[in-house]
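*Asks:* can't give you the sequence, but here's the structure:
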């Protein structure tokens, strides 16, 4: 994980890669017979910034065109 961060990858990129590793170990543990004896704990990185879900079509338009264009939509 530290190597990927030192290469300049964002936390979100590292988290996606860690999620793939977690998924691989989960699938390997479910096989018959299991391909791994134990699933390792994979710690995820903290996210920077907030996640703002888009809940309405109007909200999507405001996000898509940016806050400076918001007045033109309302006029």
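*Replies:* Thanks, I have it. Everything quoted here is computed from the prediction, not taken from an experiment.
*Asks:* now do the longest helix seen in the chain: everything it contacts.
*Replies:* For the chain, the longest helix by residue count, based on DSSP state H, is helix 11-30. Applying CB atoms under 8 Å, 6 or more residues apart in numbering, the contact partners of helix 11-30 are 1, 4-5, 34-36, 38-40, 42-48. For glycine as for every other residue, the C-beta is placed from the backbone atoms N, C-alpha and C.
*Asks:* farthest-separated two in those?
*Replies:* 34 and 48 (36.1 Å; CB to CB).
*Asks:* who has more neighbours out of those two?
*Replies:* residue 34 (11 against 8; other CB atoms under 10 Å).
*Asks:* which SS state does that one fall under?
*Replies:* coil (DSSP: H, G, I helix; E, B strand; the rest coil).
*Asks:* ok, of the contacts of helix 11-30, which come out buried?
*Replies:* Buried members of these, counted by 16 or more other CB atoms under 10 Å: 1, 45.
*Asks:* among the contacts of helix 11-30, name the ones in helices.
*Replies:* Using DSSP H, those in helices are 4, 5.
*Asks:* residues in contact with residue 46?
*Replies:* Residue 46 touches residue 11, counting by CB under 8 Å, 6+ apart.
*Asks:* ok so, going back, mind listing what's buried along the longest helix of the chain?
*Replies:* So helix 11-30, judged by 16+ other CB under 10 Å, has buried residues 11, 14, 15, 18, 25.
*Asks:* average pLDDT for stretch 28-45, rounded please.
*Replies:* In this model, stretch 28-45 has a mean pLDDT of 89.
*Asks:* stretch 7-16 now?
*Replies:* Mean predicted confidence for stretch 7-16 is 85.
*Asks:* now do the same end-to-end measure for that stretch.
*Replies:* One end of stretch 7-16 to the other measures 16 Å (CA to CA, to the nearest Å).
*Asks:* same question, stretch 2-18
*Replies:* Stretch 2-18: ends 12 Å apart by CA to CA.
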